[in-house]
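> sharing a sequence plus its predicted fold:
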Amino acid sequence: MKRILVLNGPNLNLLGRREPEIYGSETLDSINQELRDIAKQHNYILDTIQTNSESKIITILQGAFLNKKYTAIVINAAAYTHTSIAILDSLKLFSIPIVEVHLSDPLKREEFRHFSYISEVAYKIFKGEGKTSYIKAIHAIINLQIQ
């Protein structure tokens, strides 16, 4: 069965409580469940991981590269999007589709959020639509009909 890694970075564990006017009121758990349901309908397995640690994101990506069990990656690196060359370097290992996701639109926020290291390797970018950004990312992968 085809498998997608959904990797979420710092502070996303607090969705629904942290700045709901920017990020919405839905929790990460509820978003992940909806994504798993969509994936299952299309014969995909979804592994969802959230960590506040940059080093854990890198370790997870390296492990995903070495075990080659994923057909695509959806990543919301959160603040690390704008700062982490190390995460970019880890993503460069892959030859599978990588989809970058943001709940808010970084270009409509503080200037330091306007640059993304992740965009360099992203097949697609979905931003500014709350949980719909994640849903569109999963559908983009499914529509690629990855074998």
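Now that the structure is in, tell me what you want to look at. Numbers count the residues shown, from 1 in each chain.
> element containing A86?
Element membership of A86, judged by DSSP states H and E, is helix 85-91.
> only the buried residues of that helix, if you could.
By 16 or more other C-beta atoms under 10 Å, the buried positions in helix 85-91 come out as 87-88, 90-91. C-betas here are computed from N, CA, C, even on glycine.
> swap in stretch 66-80?
Buried residues in stretch 66-80, defined by neighbour count with 16+ other C-beta under 10 Å: 70-78, 80.
> again with stretch 8-17
8-10, 12-13, 15.
> for E34, which three-state class applies?
Recorded secondary structure, E34: helix (DSSP: H, G, I helix; E, B strand; the rest coil).
> residues near it, how many?
By other C-beta atoms under 10 Å, 15 other residues sit near E34.
> which helix or strand contains I75?
I75 belongs to strand 72-76, assigned by DSSP H and E.
> cool, A122 as well?
Short version, using DSSP H and E: A122 is in no helix or strand.
> now do the same for it: its pLDDT.
Looking at A122, its pLDDT is 97.
> how far away from the center of its chain is the strand holding I75?
4 Å (C-alpha atoms, centre = their mean, to the nearest Å).
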